[in-house]
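S.K.: pasting the sequence and the predicted coordinates here, then a few questions.
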Amino acid sequence: MKARQVLAEAAIHARPSHHPGDLAVSFDYGDASTGQMETDGSPETTSSDEEDNGDEDTPMASRDGQAVTTARAHVIACMAHEELANVSLLKLGFLGCSPLQPTVAVSLHCLELYHQIRRRKPSFSIQAMVKVLCALHNTYFQSLRDQFAIAFDVYLGILRSVKSLVDEALQRNSVNWRMLHACPPCNYKQPGEPLLYPARLDSFDGNNSLKRIDGSGHADERLFESSYFIHPADVELFKDDVRLRPGTRLAPESAQTKNSEVSHTSSCTENWKAANAVTEKTIDVFDQTGVFVSACRHGIIQTVVEMRRSGELAKYALATANKLMDVYGSDGVTGYDIGCSFTKTAAASSIAMKVKNHNHRFVVNSFHGHAHNRRCQLQFHTLYQQGLGIEDLETCERVFSGSNAVAPVIRHASYFHWLQFIDLHFDQWDQDRYQELSQFMYQNYKQALDIINNLTPVVEELKTQLKITDADFERWNIEELEYLQRLSTEQEYDPQKIAYVEALQSLTKAEFLPADKVSGLNFTQTSGLRKEAQVMTKAREAERQAAHNKLLLAMNVVSDLEQQLSIETRWSVNDAEYKQASAYLTNQRFIRAVDQLEGLVVQRLFELAKANLAGTGYKMRQQISNAITRRSTAIRNALERYNRLAPLQMPPRDMLKFSEVASYAWLGEFEMLKHSRCEILDKPWVSKANREVAGKYFRIVRAREEIHRLNIEISRLQTWVDTEDARLLEISTALTMTNTLLASEIQMRYEERRRMNNLHRIRLQAIYNLHGYSGDSVEQGNGLDEDQPAVLEELRGADLIEVDEDDTLCDEADRLQSCIS
């Protein structure tokens with residue numbers, strides 16, 4: 001640790017002047033006691049003449065033929081007595097590839113170049129970087145990959161040590177400092193600011209792309225400390241609460257036995273079972289099977305949990321929720337793809353009282369909510385949740401879209417490297433999200449204003465025409481929820497009587513033998529007939545025998561059910577009980593037809609989303625395209641079945657067109673199709689026109705909440721950027737007299753953050769200038785004119801175009817229609 005600190009201080013002092021393409025220099029040691037270095041005639045070192053001639057076969061040759069000789073001479077001259085070789089190298093801008101007597105050193109500029117590339121392009125591997133460098137120097141040695149990897153690991157370690165020194169000087173080294181300060185709009189509360197409920201908006205979810213093969217890099221026993229990851233011991237505290245999260249299953253029965261649980265599965269989570277299935281083979285092959293991530297609504301990472309040899313277990317979500325409540329306190333809302341089921345899971349867990357005391361709620365993300373039933377949507381969907389604004393809480397999906405790029409290069413990494421490169425990616429992700437905070441606010445503010453300005457006149461006009469008020473919209477939701485809850489508790493019709501009616505209908509069909517199966521039969525002896533006649537006669541006899549067997553079977557089934565139900569006189573079609581059971585049976589068949597149609601549309605939604613997901617390969621896109629086409633045909637077939645049954649309902653249901661079904665993004669519409677009872681058909685919340693205007697009304701309400709939240713978040717960000725710049729400059733100035741090196745490093749951090757914060761100031765001023773802005777304004781001062789035109793042009797180019805939801809759904813229907821043709 002002391003050596004690492006010495007290297008860190010040397011790295012701060014180092015100001016290398018070499019070209020980023022300088023890969024390395026070679027050394028050989030003479031007298032180790034004096035610390036002098038000299039070359040020998042080994043193949044990996046070259047004489048000064050060879051270097052002067054720019055020999056292309058020299059493995060460590062740089063663009064400057066004197067670079068190796070010059071660096072070697074400087075090291076010999078600069079090494080103090082008993083000074084570490086790497087300390088001397090660092091002063092010259094190089095880092096050795098071994099701790100004590102390095103024979104190969106890599107330029108710090110080269111390492112920093114790859115460091116920045118790896119941050120922005122996580123899939124760019126070390127081997128790819130070494131190949132690029134070897135191409136520049138017209139040489140290649142396989143060992144260079146390992147040497148460069150060693151140097152890069154040390155370089156990242158030095159950077160972490162430098163950061164640790166800076167954090168200590170800035171008093172940012174407390175346990176949860178990053179979680180509490182990484183996102184100023186969420187956490188930098190100001191005295192006297194308006195009440196904000198929910199106090200925070202977060203989301204969490206699991207992802208299985210960041211796997212690691214079991215046994216990879218087993219010889220690497222190094223430990224990596226990360227402020228993102230929740231310690232496995234803290235996760236294991238919840239292993240006995242519930243084993244598998246609701247909506248997740250292990251495919252093999254043996255795995256189910258091994259990981260059995262008491263699950264609070266609701267009907268809407270059935271849509272996620274297939275997607276979340278975890279095979280036993282996956283558990284056997286991978287040690288880490290993914291990560292469980294939580295992030296704030298602005299996309300900044302809060303916590304990460306590694307999933308070990310399992311699917312998305314409930315303990316990961318419980319440990320994450322526990323951490324969020326410990327750090328952030330009360331009145332939080334967390335979006336989860338199965339927030340409805342997880343609410344029950346948390347209520348039955350060891351943190352049930354903490355969740356209740358902290359008034360913490362779990363809701364369903366906006367897109368995922370489309371696959372939940374209507375009763376769940378009314379209780380958990382973001383559109384109907386007070387205070388959530390226009391936030392969709394699909395943050396984790398965006399996080400995973402970026403982190404998927406890390407997966408290819410860590411699949412076979414050691415556990416140390418697996419953690420290191422995930423931490424490196426999320427650190428850069430957070431820096432990018434911080435830089436985009438003001439852009440996020442500008443876009444959301446403009447979108448909220450557009451929703452209010454565009455939809456308010458429409459809603460007011462419809463309210464006048466339909467003679468409804470704002471209170472009606474709220475009341476309709478309550479009535480609809482009460483109806484659906486009451487419906488779920490009603491006693492179903494006697495299933496044995498339903499089976500009896502079905503058996504009677506089957507018996508009626510079996511008793512009727514079609515004429516064509518009798519009229520063509522020839523019961524004469526077949527010995528003298530032609531072969532064709534013999535084949536036809538045998539076939540018709542087989543059909544007659546099959547029909548007879550079917551009749552006997554139907555008679556036996558009816559007799560058995562009559563004995564079970566103690567029915568002495570067989571029911572006829574005119575009996576009241578027969579009519580009642582038959583009507584119920586017809587309705588059940590209709591409901592099954594709607595369920596099938598609903599399931600196909602759910603799969604269509606997922607496939608359309610996956611087809612547009614970043615990182616989806618060409619072959620996968622082709623398979624998805626083919627699946628969408630097949631799904632379209634299946635939807636048409638299911639729609640035909642629905643339309644056959646719809647007129648038979650009491651009262652008859654409306655028939656549907658393909659374009660209407662394809663636009664059912666809100667699956668709650670299917671819920672209304674299933675219920676053909678007279679008492680709800682007269683309810684105002686069943687009317688399609690009323691439901692459409694209600695949806696627009698709630699979007700307006702959420703948009704006004706978004707503006708209230710943004711006014712507070714904008715004030716927090718404005719105060720933060722001013723305070724942070726002043727604080728960094730103050731600490732840098734104060735350290736100038738006592739620790740010049742550390743002061744220089746903090747000054748560099750100040751300049752970097754000052755650049756980002758100036759971007760925020762320009763964008764915040766653009767928000768203040770928006771027509772309809774209702775928050776506090778702050779004068780930004782001077783010094784922003786140089787970058788302001790370019791930033792504003794970029795901001796205007798990134799403006800969101802508000803598209804009517806109905807138009808979007810019709811566009812999806814058109815795309816689906818094009819897949820068929």
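M.R.: Structure received.

S.K.: now stretch 562-581: buried residues?
M.R.: Glu562, Trp571, Tyr578, Ala581 (16 or more other Cβ atoms under 10 Å). All C-beta spots, glycine's among them, are computed from the backbone N, C-alpha and C.

S.K.: before we move on, what SS does the residue nearest to the first one when sequence neighbours are not counted have?
M.R.: In this case it means Glu562. Residue nearest to Glu562 in three dimensions, not counting chain neighbours: Arg570, with 6.9 Å by Cβ to Cβ, 6 or more residues apart in numbering. Here Arg570 takes the coil state, with states given by DSSP: H, G, I helix; E, B strand; the rest coil.

S.K.: quick check: Arg570 vs Gly775, distance?
M.R.: 77 Å (Cβ to Cβ, to the nearest Å).

S.K.: same question for Glu397.
M.R.: For Glu397, the distance to Gly775 equals 29 Å [Cβ to Cβ].

S.K.: go on, Tyr384?
M.R.: Remark: distance between Tyr384 and Gly775 (Cβ to Cβ) = 26 Å.

S.K.: over to Thr395?
M.R.: Separation of Thr395 from Gly775 (Cβ to Cβ) stands at 23 Å.

S.K.: more neighbours: these two, which one.
M.R.: Counted by other Cβ atoms under 10 Å, Thr395 and Gly775 do not tie: Thr395 has more neighbours, with 26 against 19.

S.K.: wait, the more buried one sits on Ile300?
M.R.: No: using Cβ atoms under 8 Å, Thr395 makes no contact with Ile300, being 9.1 Å away.

S.K.: pairing partners for the longest strand along the chain, with directions?
M.R.: Longest strand of the chain, by residue count under DSSP state E: strand 286-296. When sheet partners are counted by DSSP bridges, strand 286-296 sits next to strand 200-207 (antiparallel), strand 212-213 (antiparallel), strand 301-308 (antiparallel).

S.K.: nearest to Arg636, of the ones you listed?
M.R.: Arg636 sits nearest to strand 200-207 of all those, at 33.4 Å, using Cβ to Cβ.

S.K.: now the end-to-end length of stretch 572-581.
M.R.: Taking Cα to Cα, to the nearest Å as the measure, stretch 572-581 stretches 12 Å from start to finish.

S.K.: mean confidence for it?
M.R.: Mean pLDDT, stretch 572-581: 78.

S.K.: likewise stretch 690-703?
M.R.: 89.

S.K.: got the contact list for it?
M.R.: The contact list for stretch 690-703, computed with Cβ atoms under 8 Å, 6 or more residues apart in numbering, reads 382-384, 388-390, 447-449, 451-452, 455-456, 458-459, 462-463, 466, 468, 470, 473, 476-477, 666, 684-685, 805-806.

S.K.: narrow those to just the buried residues.
M.R.: 382-384, 388-390, 447-449, 451-452, 455, 459, 462-463, 468, 473, 476-477, 666, 684-685.

S.K.: those in helices, which ones?
M.R.: Using DSSP state H, the members of the buried ones among the contacts of stretch 690-703 that fall in helices are Gln447, Ala448, Leu449, Ile451, Ile452, Leu455, Val459, Leu462, Lys463, Phe473, Trp476, Asn477.

S.K.: next, format those as TSV and append distance to Ser107 and pLDDT.
M.R.: Listed next are these as TSV, based on distance: Cβ to Cβ, whole Å; pLDDT from 0 to 100:
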residue	distance to Ser107	pLDDT
Gln447	47	94
Ala448	50	95
Leu449	51	95
Ile451	53	94
Ile452	56	94
Leu455	59	93
Val459	64	90
Leu462	68	86
Lys463	70	87
Phe473	66	88
Trp476	69	86
Asn477	64	85
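
S.K.: just flag the most distant two among those.
M.R.: Spanning the widest gap among these are Leu449 and Trp476, at 26.7 Å by Cβ to Cβ.

S.K.: can you list the residue ranges for strands in the chain?
M.R.: Ranges of strands within the chain are 24-26, 94-96, 104-107, 200-207, 212-213, 286-296, 301-308, 332-336, 361-364, based on DSSP E.

S.K.: the fifth one - what's its average pLDDT?
M.R.: Yep, that's strand 212-213 we're talking about. 92.

S.K.: any stretches of the stretch 551-700 of the chain with poor pLDDT?
M.R.: Along the stretch 551-700 of the chain, segments meeting pLDDT under 70 span 584, 587-635, 639, 642, 645-646, 648-654, 656-682.

S.K.: again, only using 90
M.R.: For the stretch 551-700 of the chain, the stretches with pLDDT under 90 are 551-695.

S.K.: the stretch 251-400 of the chain now?
M.R.: Those would be 251-287, 309-313, 337-341, 348, 365-385, 392, 394, 397, if you go by pLDDT under 90 across the stretch 251-400 of the chain.

S.K.: now with 50, please.
M.R.: 251-265, 274-275 (pLDDT under 50).

S.K.: surely Gly206 touches Val291?
M.R.: Yes: under the criterion of Cβ under 8 Å, Gly206 makes contact with Val291 at 7.2 Å.

S.K.: give the residues shared as contacts by the two.
M.R.: Jointly contacting Gly206 and Val291 under the rule Cβ under 8 Å, 6+ apart are Met307.

S.K.: run a quick neighbour tally on Phe380.
M.R.: Counted with other Cβ under 10 Å, Phe380 comes out at 26.

S.K.: nearest spatial neighbour of it, skipping sequence neighbours?
M.R.: Phe380 sits nearest to Val364 (Cβ to Cβ, 6+ apart), 4.3 Å away.

S.K.: how about Asn477?
M.R.: Closest residue in space to Asn477, ignoring its immediate chain neighbours: Leu378 at 5.7 Å, by Cβ to Cβ, 6+ apart.

S.K.: pretty sure the one you found contacts Tyr384?
M.R.: Yes: counting by Cβ under 8 Å, Leu378 does reach Tyr384; the two are 5.9 Å apart.

S.K.: pull up the overlap in contacts between the two.
M.R.: With contacts defined as Cβ under 8 Å, 6+ apart, the residues shared by Leu378 and Tyr384 are Asn477.

S.K.: in terms of pLDDT, where does the closest residue to Gly217 other than its chain neighbours sit?
M.R.: Using Cβ to Cβ, 6+ apart and skipping residues adjacent in sequence, the residue nearest Gly217 is Ser414, 2.3 Å away. The model reports Ser414 with a pLDDT of 93.

S.K.: what number of residues lie near Ser414?
M.R.: With other Cβ under 10 Å as criterion, Ser414 counts 19.

S.K.: contact partners for it?
M.R.: Listed by Cβ under 8 Å, 6+ apart, the contact set of Ser414 reads Ser216, Gly217, His218, Ala219, Asp220, Arg222.

S.K.: Produce a PyMOL select command limited to the buried residues of these.
M.R.: Those of the contacts of Ser414 that count as buried under 16+ other Cβ under 10 Å are selected in PyMOL with:
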select buried, resi 216+217
